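> curious how this folds, go ahead:
(chains A and B)
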Amino acid sequence: MMRDERDEDIVDRCVGGDTAAFGILVERHERRVYNLALRMTGREEDARDAAQDAFLTALRKLSSFRGDAAFTTWLHRITVNACYDLLRKRARSPMLERVLDDEPAHEPPPSPDHAAQTELSIDVRRALLQVPEDYRLVMILHDVQDLPYEEVAAIVGIPVGTVKSRLHRGRVALARAMGLPGLRERPDGPRPSDEATSR
Amino acid sequence: MTQTGHPEELLAEYVDGTLDEHDRRAVEAHLASCTTCSDEVALAGGSRRMLRDLPEEPVPLGVTGPVLDETSRAGRRERAPWGQRIQWAAGVAVAAALVAVVAVSLPNGNDDAGTGGGEGATLAEAGDAATTPGAPEARYATFAVSLERSNRDFDDKALRGLAIEVAKAVRGATLQAPTEGGTPQETREARECVTALGAAEDEVLVRLLLAKYDGEPAYVAVYLKGPGVGEPPSRATVWVVSADGACEFLDITEVRI
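Model (predicted):
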């Protein structure tokens, strides 16, 4: 099988009976799907469940996928739904809700060379969870996963203008959750630590 | 400008550096006189940089294994043994309960309002028909709609009007599936087209129109969405995709019920 085969063509093969070809799609997209779920839910175990649920849903619904739509957009949308399902379930089940400070979300392996970066990314991840879900989602898709506004709009199911306004509000909310001061119009002006923070 | 008077949509693009010259100058002129926005732009820029620097985490072992197992099983059988996965049972039960709640909240309506006709399956009937208790299919249960042909040429405002119309019908329990319209084949094609991007599992399709959007043929699909178990649908969402065969995403709007 060709490595550069289009996702949409692989879907056709799966629908045609070659279900094992779905493994190629999983391999191609698992990092993005898992990382989207991890940033949205903030917990590794939830991200595992959501990613698994997303792929199984995609497999189940594959025949309803139309090759004219981008597979990545479709899969992202399914993943987003899986994340929201999980977050809703968690909100309804206080027993499942744990304080993040008690249980760090997902600690990456220690890396002495990048200790500062690791510390910062943990802070960012925790702060992300304080941002309303709808804003958080748009930021993850656009700023973390580098998807264009139009694709974010199609994934989330909101107008492009709403994507942009949520993006802006989310970014401001995240900065405030991180305790970042505004860099302008502050009596003490920009601080060196801010530069270090933003690298 | 937004209703707050601050150009939030432009500010996001300003921070991204994707504005054209004209808009960029307009934003800079605004920033020069608005400390709120200039402060927010600084904050947003800091967030953007941090988010872009977030490392991608490796996928832990065991996440996709069950998926791959499923593909090999699906290859051996016509259907995968969905009901055997305990971790899915809860999700299925939630979806089944949601369909049941939608059914309860939308009893057979009177014929004085809504889409008229009176012979269409109500959402309650469709929900019952589509739901086998405990079956995973409940997750994907949909209202038995047929394609309606419309001469309307929709725009943003008209879409919102349609969403409000459906929301009112839901509130008044008068929502019914139209009985006149396309053939089952046409309905199926339209449905496949509008779900090309994958409607959420808890969204129920209640209206499906072949109309126009900005002068071009388009499918207009209205979905109801509920907040979860024990509550009636809370939102009506209207999707628009092109009906020229490409099923391209054109627009969407949403109203609260």
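
> rest of the way, CA atoms for contacts and neighbours
Fine.

> got the domain ranges for the chain?
Answering for chain A, as no chain was given. Domain assignment for chain A by automatic domain parsing gives A:1-98, A:110-199.

> can you look at chain B instead?
B:8-53, B:65-256.

> quick one: which of these has the weakest pLDDT on average?
Confidence, taken as mean pLDDT, is least for domain B:65-256 of these (a mean of 65).

> residues near the closest residue to B:Leu31 other than its chain neighbours, how many?
Among residues not flanking B:Leu31 along the chain, B:Ser38 sits closest, at 5.1 Å (Cα to Cα, 6 or more residues apart in numbering or on different chains). B:Ser38: 21 surrounding residues under other Cα atoms under 10 Å in any protein chain shown.

> list the buried residues in stretch B:155-167.
Residues B:Leu159, B:Arg160, B:Leu162, B:Ala163, B:Ile164, B:Glu165, B:Val166, B:Ala167 are the ones in stretch B:155-167 that count as buried (16 or more other Cα atoms under 10 Å in any protein chain shown).

> any idea how far chain B is from the spatially most central residue of chain A?
Closest to where the C-alpha atoms of chain A average out (Cα atoms, centre = their mean) is A:Leu36, at 2.3 Å. For A:Leu36, the distance to chain B equals 10 Å [Cα to the nearest Cα, to the nearest Å].

> now the helix or strand harbouring that residue: mean pLDDT?
Per DSSP states H and E, A:Leu36 falls inside helix A:22-41. Averaged over helix A:22-41, pLDDT sits at 94.

> next secondary structure after that helix?
helix A:44-61.

> list the buried residues of the helix or strand that that next one is followed by.
Downstream of helix A:44-61, the first helix or strand assigned by DSSP H and E is helix A:71-92. By neighbour count on 16+ other Cα under 10 Å, the buried set for helix A:71-92 is A:71-87, A:89-90.

> how many residues are close by A:Arg28?
For A:Arg28, the neighbour count with other Cα under 10 Å is 13.

> correction: A:Pro159
18.

> list the contacts of it.
A:Ala153, B:Asp251, B:Ile252, B:Thr253 (Cα atoms under 8 Å, 6 or more residues apart in numbering or on different chains).

> count of residues packed around B:Glu186?
Neighbourhood size, B:Glu186 [other Cα under 10 Å]: 14.

> so it makes contact with B:Val145?
No - in this structure, B:Glu186 is not within contact of B:Val145 by Cα atoms under 8 Å, at 11.6 Å.

> give me the element the residue lying closest to A:Gly170 once chain neighbours are set aside is part of.
Closest residue to A:Gly170 apart from its sequence neighbours, by Cα to Cα, 6+ apart: A:Tyr135 at 4.8 Å. Element membership for A:Tyr135, per DSSP H and E: helix A:133-139.

> now do that helix: which elements does it pack against?
Counting contacts by 3 or more Cα pairs under 8 Å, 6 or more residues apart in numbering or on different chains; DSSP states H and E, helix A:133-139 packs against helix A:22-41, helix A:160-177.

> tell me the mean pLDDT over it?
The model assigns helix A:133-139 a mean pLDDT of 97.

> in that helix, what counts as buried?
So helix A:133-139, judged by 16+ other Cα under 10 Å, has buried residues A:Glu133, A:Tyr135, A:Arg136, A:Leu137, A:Val138, A:Met139.

> circling back to that earlier point, report the contact partners of the residue nearest to the centre of chain A.
With contacts taken as Cα under 8 Å, 6+ apart, A:Leu36 has the following neighbours: A:Thr79, A:Ile140, A:Leu141, A:Gln145.

> try 7 Å
Residues near A:Leu36 by Cα atoms under 7 Å, 6 or more residues apart in numbering or on different chains: A:Ile140.

> lowest-pLDDT helix or strand in chain A?
Every helix and strand in chain A was compared by mean pLDDT, DSSP states H and E; the lowest is helix A:192-198, with a mean of 36.

> where along chain B do the strands fall?
B:148-154, B:203-213, B:216-225, B:235-242, B:249-256 (DSSP state E).

> which ones are touching the residue nearest to A:Gly170?
A:Arg166, A:Leu167, A:Gly170.

> quick one: which of these is nearest chain B?
A:Leu167 (6.3 Å; Cα to the nearest Cα).

> isn't that closest one up against A:Ile140?
No - the pair A:Leu167 / A:Ile140 is not scored as a contact, 9.3 Å apart, by Cα atoms under 7 Å.

> who has more neighbours, the two?
A:Leu167 (30 against 23).

> what's the spacing between the more buried one and A:His142?
8 Å (Cα to Cα, to the nearest Å).

> before we move on, what about B:Cys247?
23 Å.

> ditto for B:Leu10
For B:Leu10, the distance to A:His142 (Cα to Cα) stands at 15 Å.

> average pLDDT for the helix or strand that comes right after the helix holding A:Tyr135?
Following helix A:133-139 in sequence order, the next helix or strand is helix A:149-156 (DSSP H and E). For helix A:149-156, mean pLDDT rounds to 94.

> CA atoms of helix A:149-156 as PDB?
Extracted in PDB, the C-alpha atoms of helix A:149-156 (Å, rounded to 0.1, in the frame of the first residue of the first chain):
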ATOM      1  CA  TYR A 149     -10.200  29.300  10.900                       C
ATOM      2  CA  GLU A 150     -12.500  27.800   8.200                       C
ATOM      3  CA  GLU A 151     -11.600  24.300   9.200                       C
ATOM      4  CA  VAL A 152     -12.100  25.000  12.900                       C
ATOM      5  CA  ALA A 153     -15.500  26.400  11.900                       C
ATOM      6  CA  ALA A 154     -16.500  23.200  10.100                       C
ATOM      7  CA  ILE A 155     -15.200  21.000  12.900                       C
ATOM      8  CA  VAL A 156     -17.000  22.900  15.700                       C
END
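
> returning to what we had before: and chain B, which of the buried residues of helix A:71-92 contact it?
Contacts with chain B within the buried residues of helix A:71-92, as defined by Cα under 7 Å from any Cα of the partner chain: A:Thr73, A:Trp74, A:Arg77, A:Ile78, A:Asn81.

> ok, the residues you listed vs chain B, which is closest?
Nearest to chain B out of those is A:Trp74 (Cα to the nearest Cα; 4.7 Å).

> before we move on, what's the pLDDT of the closest one?
Reported pLDDT for A:Trp74: 93.

> and it, how far from A:Tyr135?
Taking Cα to Cα, one finds A:Trp74 at 20 Å from A:Tyr135.

> same check, this time on A:Ile158
Noted for A:Ile158: a distance of 12 Å to A:Tyr135, by Cα to Cα.

> again with B:Tyr213
28 Å.

> and for B:Thr195?
24 Å.

> before we move on, what about B:Glu8?
In terms of Cα to Cα, B:Glu8 sits 13 Å off from A:Tyr135.

> between the two, what contacts are shared?
Contacts common to B:Glu8 and A:Tyr135, judged by Cα under 7 Å, 6+ apart, are absent.
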